[in-house]
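Visitor: have a look at this prediction, sequence included:
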Amino acid sequence: MRIVLLGAPGSGKGTQADKLSAKYRIPHVSTGDQLREALASGTPLGLQAKAAMDAGQLVSDEIVLGIIRERLRAADARNGAILDGFPRNLAQAQVLDDMLRALGQPLDCAVLLDVDFDVLLQRLAGRRTCENCGATYNIYTNPPRLDDQCDRCGAPLHHRPDDNEVTISNRLRVYELQTKPLFAFYRNQGKLETVNGTGEVDDIFRRLVAVLDPIAKGLRKPKPPVPPARPVRSAVKATAAKPAKPVPKKPVVKPVKSKPKPAGKPAHAKARPAKDAKRPAKKSRTHR
């Protein structure tokens, strides 16, 4: 069983990967650990990585991928491995797929540990590590019995200087930009499983086992790949735009000026008789 563990910084990938490694008897391949081992043992790839780091440069994907390839060729990785810390971006995921196919060890599943931002911030800001034995604690969720002292060996606990809210917020933003596209990449292959990463460590582990047991036993049916979304076509056919008809202008109607009416006669003026009033008849004269 070959799986990739995905999750933001503080999601608990390392802790759960160790528990899964013990249960399924497959190695936990942590990119950071493998790089440190290559540097310490002085392998050719380790020397290349050291030269890049001494020059203040990032270790290239080719070197990291070469270190992972050598680790997966080991005898204990024949039945699978748990990859933690790689891939971190889409380009690395594509190259990893090509390498695993070339080795005849295709990826079975990518598991995302989903944790809310506020929980991640609390986990990272409260993290304490023993400088002697490497035991980890959290002052909020898993505090030591004595402040700043390891329960196992009594050595002082170390708080990383970059575990502050400003630096943590920046790291989470980088994760959002670079790693989130991997979710769609593995979902489209039908390989993505999402597990709630909040709560007690043992509860999270049980959720992971419920997802991975069918894969380990060969009982899980592969999910069909998700086809890319098709562009939505409008049901209304596009028609050629017709030129708009000019709106006829309304004729301007000029107001008709009315003639001024003659002023009325004063009330004291005497009324004249009408012209058509009957006059008294004249007496006719007869000649005698």
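Guide: Ah, there it is.
Visitor: could you use CA atoms for every contact and neighbour count after this?
Guide: Will do.
Visitor: could you list the low-confidence segments of the protein?
Guide: The chain contains residues with pLDDT under 70 at 222-288.
Visitor: quick one, strands of it?
Guide: Secondary structure of the chain (DSSP state E): strands at 2-6, 28-30, 81-84, 109-114, 127-130, 136-138, 157-158, 192-196.
Visitor: got the angle between the longest one and strand 192-196?
Guide: What it means is strand 109-114. Here the directions of strand 109-114 and strand 192-196 differ by 30 degrees (axes from the mean of the first three to the mean of the last three Cα atoms, to 10 degrees).
Visitor: before we move on, the earlier item: mind checking which of the strands of the chain is nearest residue 59?
Guide: Nearest to residue 59 among the strands of the chain is strand 28-30; the distance by Cα to Cα comes to 15.1 Å.
Visitor: who does that closest one pair up with?
Guide: Applying DSSP bridges, strand 28-30 is found paired with strand 81-84 (parallel).
Visitor: circling back to that earlier point, could you export the strands of the chain as JSON lines, including mean neighbour count?
Guide: Shown next, in JSON lines, are those (neighbours: other Cα atoms under 10 Å):
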{"stretch": "strand 2-6", "mean neighbour count": "22"}
{"stretch": "strand 28-30", "mean neighbour count": "21"}
{"stretch": "strand 81-84", "mean neighbour count": "23"}
{"stretch": "strand 109-114", "mean neighbour count": "21"}
{"stretch": "strand 127-130", "mean neighbour count": "22"}
{"stretch": "strand 136-138", "mean neighbour count": "18"}
{"stretch": "strand 157-158", "mean neighbour count": "20"}
{"stretch": "strand 192-196", "mean neighbour count": "17"}
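Visitor: which residues does residue 17 contact?
Guide: Residues counted as contacts of residue 17 (Cα atoms under 8 Å, 6 or more residues apart in numbering) are 5, 28, 82, 84.
Visitor: tell me which of the strands of the chain sits nearest to residue 167.
Guide: Across the strands of the chain, residue 167 has its closest neighbour in strand 127-130 (13.8 Å, Cα to Cα).
Visitor: re the thing from before, let's have the strands of the chain in CSV, adding distance to residue 150.
Guide: Conversion of the strands of the chain to CSV gives the following (distance: least, Cα to Cα, whole Å):
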stretch, distance to residue 150
strand 2-6, 28
strand 28-30, 24
strand 81-84, 26
strand 109-114, 27
strand 127-130, 6
strand 136-138, 8
strand 157-158, 6
strand 192-196, 29
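Visitor: residue 93 touches residue 99, doesn't it?
Guide: No - counting by Cα atoms under 8 Å, residue 99 is not a contact partner of residue 93; they are 9.9 Å apart.
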